[in-house]
Each structure stands twice: as structure tokens, then as C-alpha cells.
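got a sequence here, can you build the structure:
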Amino acid sequence: MKRATYESIGKSLGVSKVAVYKALNNKNGVSKELREKIKQCALSAGYRPVNSTYKENLNFVYAIRKDYFLKTAEQFYTSIYYYLTEECKLASCKIEILFMEQGEEFANIENFLKENEEMEISGIFIAGPISRDSLPKFTELTLPIVFIDFYSPLYTYNYVYLDNYNLSFLATTHLIQSGHKKIGFVGNICSTTSICDRFFGYRKALIQNGLTFDPAFHINANIESTGDKLETVLPKEMPTAYVCHCDSAAEILYLLLKIHGYKVPDDVSVLSFDNTELCKKLTPQLSSVGVGKEKYAKKSFDLMLDLINSGSKKNTVLLTPQFHLRGSIKTIEE
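Residues are numbered from 1 along each chain as shown. Take a look at the predicted model:
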């Protein structure tokens with residue numbers, strides 16, 4: 001019989017390993033009822049205390065590019081940071097935020113560690129895309145690092161991410177199954193790995209369903225961050241649906257379509273990624289695919305604790321997203 005652990009007890013009750021730790025060690029942060037429930041479960045499972053390597057009072061860094069963190073519309077990475085701070089509070093840990101500059105990510109982190117040696121940083125969470133030049137340099141750091149919402153097959157780091165390629169394939173397939181045959185894509189495929197993966201997942205869906213890719217239907221720009229957002233040129237012959245690389249891009253597409261006299265979804269359907277709060281603010285509400293930000297935070301924090309406590313390395317956590325279908329997709333009858 002396997003020895004009962006914080007993780008196995010937590011899974012059986014549907015609670016985090018942090019909650020189990022606190023209950024079994026009489027720490028604050030769990031209710032009296034839950035504490036008793038956890039203790040009963042641990043007793044039934046044959047749990048016996050051992051010399052725990054679980055640590056409290058750890059200091060972490062959440063490193064993120066400022067332009068990603070301060071997006072007012074989506075607040076994707078801001079939300080992940082909020083939920084990470086909640087995980088840290090439960091575990092009696094602290095987390096500091098570090099803003100990085102594009103192309104200078106490793107240098108920014110290295111300088112921060114040198115200037116804050118007295119903080120005794122225990123681990124680093126790095127959220128969002130990382131430049132190609134910086135990425136290989138992280139092998140020089142001995143601290144545990146967890147990359148959030150980013151993945152590179154070239155380096156065996158610790159990742160918590162989505163399979164953007166297959167996710168986009170499924171999203172585009174949904175549009176095809178809804179009767180759409182002329183489908184466009186919004187996003188600069190050279191800007192990030194995730195956008196590139198989503199573009200080729202979209203292309204795969206077209207190919208497997210015998211549909212032709214029309215380059216005119218590809219708006220190869222991150223229209224949510226360009227200077228003249230509303231000057232983006234739409235194709236003369238419009239597709240019946242667009243796949244947008246993120247919710248903010250979809251918001252700008254909504255405006256562009258409205259300016260040119262098109263209605264969503266009557267004339268053009270729109271499907272996006274990330275499922276941020278922005279989706280419910282748009283009219284009609286935006287259909288989007290994504291994972292709860294609290295799940296990103298929890299999985300990232302659990303992975304970090306595993307790295308610290310067990311010394312395990314090179315873990316990949318693949319998250320399972322959900323489709324949130326709202327009013328932005330029209331079904332085309334044959």
C-alpha cells in the first residue's frame with residue numbers, strides 16, 4: 001500500500017495539499033469543519049507524520065513583462081498574479097512582482113536577484129512569452145523556475161501551459177461544424193509561440209476538413225496593441241467567421257466590423273482564446289476558450305512546492321481548457 005501523502009489526501013477530498021498541510025499541522029487558514037474532515041480522512045488512509053520537508057515563509061518572485069501585466073481590458077496575467085498571492089498567503093509565503101523588458105528578461109531577473117540577496121528568494125514564476133535570446137540563459141540559474149502560459153520544446157524547463165496547437169484546431173473545427181467554410185485568423189504569427197501554434201492549429205483544421213486557406217483572411221497583426229488599431233484593413237470579400245488569438249484582439253475586431261457595417265454574429269462570427277472577463281462585457285458576449293486563472297495559479301504553485309520539497313526537476317503541467325460558447329457564433333444552415 002502506498003503511503004498516504006498531503007497530495008493523495010487532498011485529491012480524495014478535493015482540496016489543495018496546502019490545506020491538508022495546514023490542517024494536519026494545526027496551522028491557520030482552514031475552517032474547523034474542514035480541519036476535522038481532513039484529519040479523519042488522513043486517519044482512515046493510514047497517514048503517519050514523517051519529517052516533513054514542507055517549508056513555510058518562502059519568498060517568491062512573479063516576473064512578467066509590464067506591457068502584458070498592465071493590459072486593462074483582459075487582465076489575464078494580473079488575475080493569475082492575484083490568485084498566486086492567495087496561494088502564497090495560505091502557505092505563509094510571500095511573493096514580489098518584477099517587471100521585465102522585452103529582450104532583457106534574463107538580465108532583469110539576474111539583476112533583481114543580485115540586488116535583493118537578503119530576501120533569500122526560493123523560486124521564480126515567469127509568466128508569458130520570453131524572447132529567444134533570453135530563454136537559454138535560464139539554465140544558469142539554480143533556483144526553481146516555473147514558466148506560466150509559455151512552453152518551448154527546445155528547453156526542458158518547468159512549464160504550466162495550454163496545448164495551443166490542438167486547442168486552436170478544436171476551436172476552428174467547432175466553427176466548421178457550425179457551418180462556416182470561410183474562416184479567417186487574427187494574430188501576428190511571428191510575435192509569440194502561442195499565436196504561432198494557434199495559427200497552425202487553425203490551418204490544420206482547414207486542411208483536415210478540405211477547406212482552402214485564403215491569405216486575405218489572415219489579419220497578420222496583433223490589432224489590440226498596434227498604434228492605429230482602427231485603421232486595420234479588412235479583406236474585400238469577408239469570411240463568415242474569425243478566430244482571434246486573444247480576447248483583446250476580438251474586442252478590436254468587433255469595433256472594426258461595426259465601423260465597416262458588419263454585425264456579430266449575423267455577418268461575421270467570432271471565436272477567441274483566454275476567456276477573460278472582457279468576454280462578458282462585449283455585445284454580443286464573446287465566445288472564448290480558456291482555463292480559469294485560479295487553476296493556472298494553483299497548478300503553478302503546487303509545481304513550485306514540488307520542486308522545492310522533493311528536488312524534482314523538469315516537469316510539464318498541461319492544463320485542460322473549456323469552451324465558453326456565448327452569443328458571438330452563428331450557425332450556418334446548409
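
name the residues that touch stretch 124-131?
60-65, 68-69, 77, 80-81, 84, 95, 102-103, 105, 109, 138, 141, 143-150, 152, 191-194, 300, 304 (Cβ atoms under 8 Å, 6 or more residues apart in numbering). Using the backbone N, CA and C atoms, a C-beta is placed for each residue, glycine as well.

PyMOL command for the buried members of those?
Listed next is the PyMOL selection for buried residues among the contacts of stretch 124-131, using 16 or more other Cβ atoms under 10 Å:
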select buried, resi 60+61+62+63+64+65+68+69+77+80+81+84+95+105+109+138+144+145+146+147+148+149+150+152+192+193+194+300+304
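
so which of the contacts of stretch 124-131 belong to strands?
60, 61, 62, 63, 64, 65, 95, 145, 146, 147, 148 (DSSP state E).

pLDDT score for the first one?
Looking back up the chat, that one is residue 60. Note for residue 60: predicted pLDDT of 97.

got the contact list for it?
So residue 60 contacts 84, 88, 93, 94, 95, 96, 121, 122, 123, 124, 125, 304 (Cβ under 8 Å, 6+ apart).

can you show me the helices along this protein?
6-13, 17-24, 32-44, 66-69, 76-90, 105-115, 164-177, 193-208, 247-259, 278-281, 293-310 (DSSP state H).

and the fourth one, what does it pack onto?
So that's helix 66-69. Where contact means 3 or more Cβ pairs under 8 Å, 6 or more residues apart in numbering; DSSP states H and E, helix 66-69 is packed against helix 76-90, strand 94-100.

and what of the fifth one?
In this structure, helix 76-90 makes packing contacts with helix 17-24, strand 59-65, helix 66-69, strand 94-100, strand 121-127, helix 293-310, judged by 3+ Cβ pairs under 8 Å, 6+ apart.

out of those, nearest to residue 156?
Of all these, helix 293-310 sits nearest to residue 156, with 13.3 Å by Cβ to Cβ.

list the helices and strands that closest one packs on?
helix 17-24, helix 76-90, strand 121-127, strand 145-148, strand 158-161, strand 316-318.

and the gap between the closest residue to residue 128 other than its chain neighbours and residue 75?
Leaving aside its sequence neighbours, residue 128 sits nearest to residue 68 (Cβ to Cβ, 6 or more residues apart in numbering; 4.7 Å). Counting by Cβ to Cβ, to the nearest Å, the separation of residue 68 from residue 75 is 10 Å.

check residue 299 too.
In terms of Cβ to Cβ, residue 299 sits 19 Å off from residue 75.

cool, and residue 85?
14 Å.

residue contacts, residue 168?
197, 198, 199, 200, 201, 202, 205, 243, 273.

now do 6 Å
Residues in contact with residue 168 (Cβ atoms under 6 Å, 6 or more residues apart in numbering) are 198, 201, 202.

and the last one, what pLDDT?
Just to be clear, that refers to residue 202. Looking at residue 202, its pLDDT is 98.

cool, the first one as well?
On pLDDT, residue 198 comes in at 97.

give me the low-pLDDT residue ranges for the stretch 151-300 of the chain?
227-230 (pLDDT under 70).

and if we set it to 50?
In the predicted model, the stretch 151-300 of the chain carries no residue with pLDDT under 50.

on that earlier part again, buried deepest among the helices of the chain, which one?
Mean neighbour count (mean count of other Cβ atoms under 10 Å) peaks for helix 17-24 among the helices of the chain, with a mean of 23.
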